[in-house]
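Participant: this is a predicted model, with the sequence first.
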Amino acid sequence: GLAALYGWESTGHLVPAWASTTLAKMPAHTHAQFLAHAILIALMLVATFIDFDEQTIPDSITIPGTLLGLLFAAFLPASQLPQAGPGPPVFVQSLLLTSPYPWLPTLDGWRYLVIGCSIIAIWSFSLVPATATLRQGVFRGITYYIASIRREFYWPRYVLLAALPIAGTIIVWRIGGPHWESLLTSLIGLAFGGGLVWAVRVVGRISLQREAMGFGDVTLMAMIGAFLGWKAVLFTVAMSS
């Protein structure tokens, strides 16, 4: 399967037929895309069969996978999915947050750096093992939640999990250019993917009075969003449903 995928992607078939020749002449892009997709497929394969057996998707797959997606975006912007334009001449470029429209200069400002760092912080905080219940009211539920975080003492590792990517994000923002554009696209994909499934989980829980979606599905879709961006996540959720 990977051999077939390599042959398909390296000949430029990730874009429409009229632009495939142009993409095929960009081996740095096609190989970066294939490498990212091969790793994503490997992670998905492991997560899928563990889920079949154990009815759970382990953090040991989705957390490193999400970080890898962010790393690919930051250091290999060419690994983003491609988009084609008719020209003339025909052009192929990365599918970014604002595509098919041009990148907005305002997205390079400090406010979007704060948004990117906040996404990492919320993602890391959501992974902390804790007891969450509202059966005895909101105030008591918050008290139990904080107490469970303190009791298990898992939180220091998750603080580190947030701090390192945030530091890397600040560095990439200072560098700017395609690296920041690609990383912000990946971060928004992470937030959109995880947030979309999280919303389904919350609404399903309220309406059905039982767990409608496991939290592993949330972290899995966040990982997919980090690799593929928010537009591909929307398509993925629709097709997988």
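Facilitator: Done, it's in.

Participant: tell me where this structure has strands.
Facilitator: With DSSP state E as the criterion, the chain has strands at 82-85, 91-94.

Participant: tell me which of these lies nearest to residue 100.
Facilitator: Of all the strands of the chain, the one in closest proximity to residue 100, counting by C-beta to C-beta, is strand 82-85 (6.3 Å). All C-beta spots, glycine's among them, are computed from the backbone N, C-alpha and C.

Participant: from the contact counts, what lies against that closest one?
Facilitator: With contacts defined as 3 or more C-beta pairs under 8 Å, 6 or more residues apart in numbering; DSSP states H and E, strand 82-85 has these neighbours: helix 17-24, strand 91-94.

Participant: which of these sits most buried?
Facilitator: strand 91-94 (a mean of 18; mean count of other C-beta atoms under 10 Å).

Participant: that strand pairs with which strands?
Facilitator: strand 82-85 (antiparallel) (DSSP bridges).

Participant: need the residues that contact the partner strand.
Facilitator: Contacts of strand 82-85 from elsewhere in the structure, counted by C-beta atoms under 8 Å, 6 or more residues apart in numbering, are 14-16, 18-19, 22-23, 29, 33, 90-95, 99-100.

Participant: can you rerun that using 7 Å?
Facilitator: Contacts made with strand 82-85 from outside it, assessed by C-beta atoms under 7 Å, 6 or more residues apart in numbering, are listed as 14-16, 19, 23, 29, 90-95, 99-100.

Participant: out of the helices and strands packed on strand 82-85, which is closest to residue 191?
Facilitator: The closest of the helices and strands packed on strand 82-85 to residue 191 is strand 91-94. By C-beta to C-beta, the value is 18.8 Å.

Participant: which residues touch the closest one?
Facilitator: Here strand 91-94 makes contact (C-beta under 7 Å, 6+ apart) with 15, 19, 22-23, 26, 77-78, 80, 82-85, 182.

Participant: picking up where we left off before, right, and the strands of the chain - which one's nearest residue 6?
Facilitator: Each of the strands of the chain was scored for nearness to residue 6 using C-beta to C-beta, and the closest is strand 82-85 (15.6 Å).

Participant: buried residues, the helix or strand of the chain with the lowest mean pLDDT. List them.
Facilitator: With mean pLDDT, DSSP states H and E as the measure, the helix or strand of the chain carrying the lowest mean pLDDT is helix 138-152 (a mean of 76). Judged by neighbour count (16 or more other C-beta atoms under 10 Å), helix 138-152 contains these buried residues: 144-145, 148-149.

Participant: now the two most distant members of the contacts of strand 82-85.
Facilitator: The largest distance within the contacts of strand 82-85, taken as C-beta to C-beta, falls between 29 and 100 and amounts to 17.4 Å.

Participant: the two - which one has more neighbours?
Facilitator: Taking residue 29 and residue 100 together and counting by other C-beta atoms under 10 Å, residue 29 has the greater number of neighbours (23 against 11).

Participant: ok, the closest residue to the more buried one other than its chain neighbours to residue 202 distance?
Facilitator: The shortest distance from residue 29 to any residue other than its chain neighbours is 4.3 Å, reached at residue 78 (C-beta to C-beta, 6 or more residues apart in numbering). Here the criterion is C-beta to C-beta, to the nearest Å. By it, residue 78 lies 36 Å from residue 202.
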